[in-house]
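Undergrad: Next input, structure requested:
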Amino acid sequence: MQQLLFAGNGMLAYSPGTGSMVRLGGALGAAAGSAGSSATGDGAAPSSPVEKGQSGDVALWGEANDFPQQVIKSIETNTILPSVLEWKTRAVYGGGVVYGRVTGFDKAGNEIFERQRLPDVELFFRRSNIPRYAYEGLQNLFTFGQSYPELIQSLNKQKITALTTQDAAFCRYGLPKAGQPVPDYVHISANWPEAKPGDEYTTSVPVLDPYYEPVEALKADTRGFKYVYPLALPSPGKALYQLASWNSIRRSGWLDIAQAIPEFKKALFANQISVKYLIEAHEGYWKWKYPDWDAKPTEERRRIIGDELADFEKTMSGAQGAGKSILSLTITDPRTGEPISAFKVTAIDDKIKSGIYIEDSQEASSHIYTALSVDPTLVGISPGKGMGAGSGSDKRIAFNNFISTHRFHQDLILEPLYLVRDYNGWPDDLEFRFLNPLAHTADVSKSNSESATGGNPDANEPA
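TA: Here you go, the predicted model:
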């Protein structure tokens, strides 16, 4: 009996012997996604919740379908978010992606990973530019909580020839259907929310279900030669688009506070520069100096006052004014006979020197770092009066702890490579890892080592 490989949706089957595709319609189940796989002996596919209530061709990402664009605006207006998100990407990427075999385990239970060089794999890595794929994929995960790798097949569909990733901000799912594990397509455009599926600037790419037999589903799929294999960090209660955990800082109001402080201080600086002194001139001064003051035209009075102010500014402004004296003229009030000061000069209080709102800025920054799950000592000086970069020991411990808690993020980015391995017939014991640079104390001969264990800070440590 000839074996057939069934797609995860139960609508297609692939015959390895003849290389033919078979459309099954609804023969294997009443609802798409309910059928199992003869390759594994499963009686049914995993359940997939679908959110109802939307209409049209695109599943909206945010109410106006511009949520990623709004996130980018928030990032671009903050001094911490862009650099820390980039730092997280660089730190988790580490020494990049390598492949090899696990040949055993040491006494502590850590993998003994032996790197390999296989011609087919080397060619695939070069054609796909895997370093770029991995870095951009991590960047998408940390920014949006999801990533959209794209697999390219050969013309005869026997091999996957390249792996790339799309910018998550440019991707929108098609509208999911009831019982469907994933939408049929991802629509890719740089023009959301105005873009529409089918226009000349939008590309629609079929989607694979990453949760259920993607290799068999890809072999049976005849929709084209490129497919999106979606990745996402789980976000509770989100059926389609996931939400990066750091987005809580946008909704909490702390990001608004962090942005409001520099805007206020910018305005304060501008005002402090333009209003440094308050000069009060008594009305009697002008009549004392110019007996015909009341008869002078308004324009001439303005010119005279302007000339007097210009002389004052020459005396008070710039380095040339330092150390100069000011003559304070006293005249007699003709009405009362009392002496009065012709001029009164008051320096405007410099609020900037007092460090106004420094504490608020520091608190807002602390909330942002917490939302990003990054110890501030790892990326530089923490804003505020008590500025400090932290000790070397603090940095070492914080960095190793950071790396050790991001194994899942690395595994997620590597997941499509395992699909490629199985589809292309590479050795089934071939493993993929990120090289993780780990910080050591000064008494260790090597200032840092690279571990291919995917985030175990104790691996490869000296005994």
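
Undergrad: show me where the stretch 201-350 of the chain has helices.
TA: Applying DSSP state H, counting those that start in this stretch to the stretch 201-350 of the chain gives helices spanning 214-220, 248-252, 254-274, 283-289, 298-316.

Undergrad: Which of the ones you listed sits closest to residue 241?
TA: helix 248-252 (15.1 Å; Cβ to Cβ). In short, each C-beta sits where N, CA and C put it, glycine included.

Undergrad: got any ranges where the stretch 251-400 of the chain has weak pLDDT?
TA: 268-277, 315-329, 333-334, 348-358, 380-392 (pLDDT under 70).

Undergrad: coming back round to it: highest average neighbour count across the helices of the stretch 201-350 of the chain?
TA: helix 214-220 (a mean of 22; mean count of other Cβ atoms under 10 Å).

Undergrad: Report the central residue of the chain.
TA: Centrality entry for the chain: nearest residue to the mean C-alpha point is residue 143, 2.8 Å, by Cα atoms, centre = their mean.

Undergrad: Relative to residue 114, how far out is it?
TA: Distance, residue 143 to residue 114, by Cβ to Cβ, to the nearest Å: 34 Å.

Undergrad: Report how many residues lie close to residue 395.
TA: The number of residues packed near residue 395 is 16, by other Cβ atoms under 10 Å.

Undergrad: can you tell me the helix or strand for it?
TA: Using DSSP states H and E, the element containing residue 395 is helix 392-404.

Undergrad: Restricting to C-alpha, output stretch 332-351 in PDB.
TA: Listed next in PDB are the C-alpha coordinates belonging to stretch 332-351 (Å, rounded to 0.1, in the frame of the first residue of the first chain):
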ATOM      1  CA  THR A 332      12.900 112.600  42.900                       C
ATOM      2  CA  ASP A 333       9.300 111.900  42.400                       C
ATOM      3  CA  PRO A 334       7.900 115.300  41.500                       C
ATOM      4  CA  ARG A 335       4.500 114.400  43.100                       C
ATOM      5  CA  THR A 336       5.700 113.300  46.500                       C
ATOM      6  CA  GLY A 337       9.200 114.600  46.600                       C
ATOM      7  CA  GLU A 338      10.400 111.100  47.600                       C
ATOM      8  CA  PRO A 339      13.500 109.500  46.000                       C
ATOM      9  CA  ILE A 340      12.700 106.600  43.700                       C
ATOM     10  CA  SER A 341      14.900 104.200  41.700                       C
ATOM     11  CA  ALA A 342      14.800 104.800  38.000                       C
ATOM     12  CA  PHE A 343      15.600 101.100  37.300                       C
ATOM     13  CA  LYS A 344      15.000  97.900  39.200                       C
ATOM     14  CA  VAL A 345      16.800  94.800  37.800                       C
ATOM     15  CA  THR A 346      15.700  91.300  39.000                       C
ATOM     16  CA  ALA A 347      17.400  88.100  37.900                       C
ATOM     17  CA  ILE A 348      14.900  85.400  37.000                       C
ATOM     18  CA  ASP A 349      15.400  82.300  39.200                       C
ATOM     19  CA  ASP A 350      17.100  79.500  37.300                       C
ATOM     20  CA  LYS A 351      15.000  76.500  37.900                       C
END
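
Undergrad: Now do the buried residues in it.
TA: For stretch 332-351, burial by neighbour count (16 or more other Cβ atoms under 10 Å) applies to 340, 342-343.

Undergrad: Next up, the contacts around the residue nearest to the centre of the chain.
TA: Contact analysis of residue 143 by Cβ atoms under 8 Å, 6 or more residues apart in numbering lists 71, 75, 85, 168, 244.

Undergrad: Of these - the most surrounded one?
TA: Busiest of those [other Cβ under 10 Å] is residue 168, holding 25 neighbours.

Undergrad: correct me, but that residue touches residue 68?
TA: Yes - between residue 168 and residue 68 there is a contact under Cβ atoms under 8 Å: 6.5 Å.

Undergrad: Pull up the overlap in contacts between the two.
TA: Residues touching both residue 168 and residue 68 (Cβ under 8 Å, 6+ apart) are residue 144.

Undergrad: List the beta-bridge partners for the nearest residue to residue 288 once chain neighbours are set aside.
TA: Leaving out its chain neighbours, the residue that sits closest to residue 288 by Cβ to Cβ, 6 or more residues apart in numbering is residue 331, at 4.8 Å. Here residue 331 sits in beta bridges with residue 340, going by DSSP bridges.

Undergrad: Next, the contact list for residue 331, please.
TA: Residues near residue 331 by Cβ under 8 Å, 6+ apart: 282, 284-285, 288, 339-340, 342.

Undergrad: Looking at the contacts of residue 143, which are in helices?
TA: Among those, the members found in helices (DSSP state H) are 71, 75, 85.

Undergrad: now these as TSV including pLDDT?
TA: Formatted as TSV, these follow (pLDDT from 0 to 100):
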residue	pLDDT
71	95
75	92
85	94
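
Undergrad: Among the residues you listed, which one sits closest to residue 263?
TA: Using Cβ to Cβ, the ones in helices among the contacts of residue 143 come closest to residue 263 at residue 75, 16.7 Å.

Undergrad: Identify the residue nearest the closest one in space, chain neighbours excluded?
TA: Nearest to residue 75 is residue 81, by Cβ to Cβ, 6+ apart, at 4.6 Å.

Undergrad: I'd say the one you found and residue 74 touch.
TA: Yes - assessed by Cβ under 8 Å, residue 81 is found in contact with residue 74 at 7.2 Å.

Undergrad: higher neighbour count, these two?
TA: residue 81 (22 against 15).

Undergrad: Let me see the contact set for that one.
TA: By Cβ under 8 Å, 6+ apart, the neighbours of residue 81 are 74-75, 368, 372.

Undergrad: and the residue of the chain most remote from its centre, how far is that from residue 331?
TA: No residue in the chain sits farther from the centre than residue 337, which is 73.0 Å out by Cα atoms, centre = their mean. Applying Cβ to Cβ, the value for residue 337 to residue 331 is 11 Å.

Undergrad: same deal with residue 47?
TA: Distance from residue 47 to residue 331, by Cβ to Cβ: 93 Å.

Undergrad: now swap in residue 185 and tell me
TA: Residue 185 sits 86 Å away from residue 331, going by Cβ to Cβ.

Undergrad: Please apply the same query to residue 229.
TA: Residue 229 sits 87 Å away from residue 331, going by Cβ to Cβ.

Undergrad: Now do the SS call for residue 432.
TA: Per DSSP: H, G, I helix; E, B strand; the rest coil, the secondary structure class of residue 432 is strand.

Undergrad: That one contacts residue 101, correct?
TA: No - with contact defined as Cβ under 8 Å, residue 432 does not reach residue 101; the gap is 10.9 Å.

Undergrad: the more surrounded of these two?
TA: Per other Cβ under 10 Å, whichever of residue 432 and residue 101 has more neighbours is residue 432, with 23 against 15.

Undergrad: Mind pulling up the pLDDT for the more buried one?
TA: pLDDT recorded at residue 432 is 97.

Undergrad: now residue 102
TA: At residue 102, pLDDT is 94.

Undergrad: what kind of secondary structure is it in?
TA: Per three-state DSSP, residue 102 ends up strand.

Undergrad: List the contacts of it.
TA: So residue 102 contacts 111-114, 429, 431 (Cβ under 8 Å, 6+ apart).

Undergrad: Could you turn the buried ones of those residues into a ChimeraX selection?
TA: Those of the contacts of residue 102 that count as buried under 16+ other Cβ under 10 Å are selected in ChimeraX with:
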select :111,113,431
